[in-house]
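*Asks:* After the sequence you'll find the predicted model.
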Amino acid sequence: MTDASPASILAQALRWKDDGAAVALATIARTWPTSPLRAGSQMAVGQHGAHFGSVFGPAIDAQVAQAAQAMLAAGVARSMQVVVDDATATAAGLACGGAMEIRLEAVRDGSGGQLAVLRATLAAVRERRSVVLCTWLADGRRELLPANASGAAGPWAVEALRRARIDETGIASVEDGELLYQVFNAPLRLYVVGAVRIAAALIEAARLLGFEAILVDPRAERMGAMAC
């Protein structure tokens, strides 16, 4: 399973697109409760089969990448069902297998793919602005909503802000249809004061949990020794 953040997957997809390649995004729309990756997890797939990110593990990722290439050739977004058998699940360290629904869509201009919205999402992440990327599963239309927006118009926007507050990416059905909500909240900052031995372990643990850990100590020699 590729260790990649949602922002890095989006960045890779846009990088390939800027290089002139056709690119697809494979997104988990639904999955079983014990799946290692939740709904909203993505994988970017280039037209020649290169992929970045993961929807399960090597065998399933290869299967989905092949389907994404076929989708790019056909030019029509679609959903696919993937069944993970017990043997594959056990090899991945799970107790049992299950089924996933994967949405395949091309990254492009226009109503589906909307390059401008994806670029705005990546810019917000890089600038540490909290946003929610909302994708209508029926047609691939996207809207980007600031997590601190006020006066949300429409049930889809209300749901987006609710998910931003609880930091929950996933699928939801609202009056506007079925949407994928991808929450990109800016990381919480943890300031660790004092470059002592225990600080290194604390910083490492904090970063694993998604915090932006910052070490503070006026002693240059101590900061150099910690190299955080």
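*Replies:* Nice, thanks for sending it over. Numbers count the residues shown, from 1 in each chain.
*Asks:* from here on, contacts and neighbour counts on C-alpha atoms
*Replies:* Will do.
*Asks:* helix, strand or coil for residue 29?
*Replies:* strand (DSSP: H, G, I helix; E, B strand; the rest coil).
*Asks:* Going forward, count from 48.
*Replies:* All right, first residue 48 from here; so that's residue 76.
*Asks:* how close does it get to residue 147?
*Replies:* Residue 76 sits at a distance of 8 Å from residue 147 (criterion: CA to CA, to the nearest Å).
*Asks:* try residue 216
*Replies:* Per CA to CA, residue 216 is found 16 Å from residue 147.
*Asks:* on that earlier part again, so residue 76 and residue 147 - more neighbours on which side?
*Replies:* Shown here are residue 76 and residue 147; by other CA atoms under 10 Å, residue 76 has more neighbours (23 against 20).
*Asks:* For the chain, which segments count as helices?
*Replies:* Using DSSP state H, the helices of the chain run over 53-65, 105-121, 133-138, 162-173, 202-213, 244-255, 267-273.
*Asks:* Figure out which of these is closest to residue 156.
*Replies:* helix 162-173 (5.3 Å; CA to CA).
*Asks:* Tell me what angle the closest one forms with helix 53-65.
*Replies:* 140 degrees (axes from the mean of the first three to the mean of the last three CA atoms, to 10 degrees).
*Asks:* Now helix 162-173: average pLDDT?
*Replies:* Mean pLDDT, computed over helix 162-173, is 92.
*Asks:* Stretch 206-214 now?
*Replies:* On average, stretch 206-214 scores 93.
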